[in-house]
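**Q** Sequence plus predicted model, see below.
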Amino acid sequence: QVQLVESGGGSVQAGGSLRLSCAASGFNFRGYVMAWFRQAPGKEREFVSAWSGGLTNYANSVKGRFTISGDSAKLTLYLQMNSLNPDDTAVYYCAAGRSWSTSFFQYGYDYWGRGTQVTVSS
């Protein structure tokens, strides 16, 4: 059974940092593109970042502030978030898909976690 379980969310003041983790099980982690998406209240879910081995991609809004990484041995995806601001407030979701060419798009992902809340106060 495929599972993606996010953790590490919480409340932080603007300028602070958080590190999200996504523990994967039930599928071959190494063969997948892993990504983070987020959904703010009243907004659509949006791409944040993707990782596949040595490849990474970021939304412009987080470039230079967030860093995605993965540990294939631990089957865990990470998102280090620095210089957080209130616009980063959202539920953050982990996702797993098969194609790098569709990594920006929700339809490119087969599996999703339930999300973890990140709240940034000013």
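**A** Sure thing, it's come through. This is a predicted model, so every value here is computed, not measured.

**Q** so how far is stretch 22-30 from its chain's centroid?
**A** 14 Å (CA atoms, centre = their mean, to the nearest Å).

**Q** Show the contacting residues for the residue positioned nearest the centre of the chain.
**A** Nearest to the centroid of the C-alpha atoms of the chain, with distances taken as CA atoms, centre = their mean, sits residue 36, at 2.1 Å. Residues near residue 36 by CB atoms under 8 Å, 6 or more residues apart in numbering: 20, 22, 48-50, 68, 77, 79, 92-95. No exception for glycine: its C-beta is placed from N, CA and C like everyone else's.

**Q** separation between the closest residue to residue 102 other than its chain neighbours and residue 18?
**A** Beyond its immediate neighbours in the sequence, the residue positioned closest to residue 102 (CB to CB, 6 or more residues apart in numbering) is residue 108, lying 3.1 Å away. Here the criterion is CB to CB, to the nearest Å. By it, residue 108 lies 25 Å from residue 18.

**Q** out of these two, which sits in the more crowded spot?
**A** A side-by-side neighbour count of residue 108 and residue 18, using other CB atoms under 10 Å, places residue 18 first with 21 against 18.

**Q** The closest residue in space to that one that isn't next to it in sequence: how many residues sit nearby?
**A** In space, and not counting its chain neighbours, residue 18 is closest to residue 81: 5.0 Å by CB to CB, 6+ apart. The number of residues packed near residue 81 is 26, by other CB under 10 Å.

**Q** where does residue 81 land on pLDDT?
**A** Residue 81 carries a pLDDT score of 98 in this model.

**Q** Quick check: phi and psi on it?
**A** Backbone dihedrals for residue 81, given as degrees, to the nearest 10, come out at phi -120, psi 120.

**Q** correct me, but it touches residue 17?
**A** Yes - A contact is recorded between residue 81 and residue 17 when judged using CB atoms under 8 Å, the distance being 6.1 Å.

**Q** ok so, going back, report pLDDT for the residue nearest to residue 102.
**A** 94.

**Q** where exactly do the helices run in the protein?
**A** Under the criterion DSSP state H, the chain contains no helices.

**Q** Any regions of it where pLDDT drops low?
**A** Within the chain, no stretch has pLDDT under 70.
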